[in-house]
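>>> Next comes the sequence, and after it the predicted model I'd like to discuss.
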Amino acid sequence: MIRLANERHNIISNANARLWLFKNIVSQEGQSFRRFYELPLSRNESPALALSWTLFHVIDEASPLYGFTAEDSRNQQHRARGGGVRIRRGCSANRPCPQNL
């Protein structure tokens, strides 16, 4: 769960969000690399983002976070390094919506 806030003091319409997990992995050969996983959201669109929006990702068997424990977060090779949230598109009083939305 991640909570977003709109600090623009207006309403953002047609906002979309995506959430990514960046995870460091060590292969069987000892090579270190980073994997990127998009975390599906329960709701990735908001018709009107005025104040705040809470994004939910359900951790089930299909989630890359399934089985992830506090102990795993201390283990360098299985640490979730970060995540990102970005409003992909939106329109407001200062930025009108394109006609084809």
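Nice, I can see it.
>>> residues of the longest strand anywhere in the chain that come out buried?
Longest strand of the chain, by residue count under DSSP state E: strand 12-26. Residues of strand 12-26 classed as buried: Ile12, Ser13, Asn14, Ala15, Ala17, Leu19, Leu21, Lys23 (neighbour count, 16 or more other C-beta atoms under 10 Å). To be clear about C-beta, it is placed using only N, CA and C from the backbone, and glycine gets the same treatment.
>>> what's the answer for stretch 31-42, then?
Quick answer for stretch 31-42 (16+ other C-beta under 10 Å): Leu39, Leu41.
>>> Now do it: distance to the chain's middle.
10 Å (C-alpha atoms, centre = their mean, to the nearest Å).
>>> Other residues contacting it?
Outside of stretch 31-42, the residues within contact range by C-beta atoms under 8 Å, 6 or more residues apart in numbering are 17-27, 55-58, 63-65, 77, 81, 83.
>>> one more time with 7 Å
Stretch 31-42 has contacts (C-beta atoms under 7 Å, 6 or more residues apart in numbering) with 17-26, 55-58, 64.
>>> Name the nearest of the residues you listed relative to Ala48.
The nearest member of those to Ala48, counting by C-beta to C-beta, is Ala17 at 13.8 Å.
>>> Give the closest residue to Ala50 in space, chain neighbours not counted.
Of all residues not flanking Ala50 in the chain, Ile11 sits nearest, at 4.8 Å (C-beta to C-beta, 6 or more residues apart in numbering).
>>> Mind giving me the packing neighbours of the longest strand of the chain?
strand 32-39, strand 45-49, strand 80-87 (3 or more C-beta pairs under 7 Å, 6 or more residues apart in numbering; DSSP states H and E).
>>> Could you check the angle that strand makes with strand 45-49?
Note on geometry: by axes from the mean of the first three to the mean of the last three C-alpha atoms, to 10 degrees, strand 12-26 and strand 45-49 are set 130 degrees apart in direction.
>>> Relative to Ile11, how far out is the residue nearest to the spatial centre of the chain?
By C-alpha atoms, centre = their mean, the mean C-alpha position of the chain lies nearest to Leu19, the distance being 1.6 Å. Counting by C-beta to C-beta, to the nearest Å, the gap from Leu19 to Ile11 is 22 Å.
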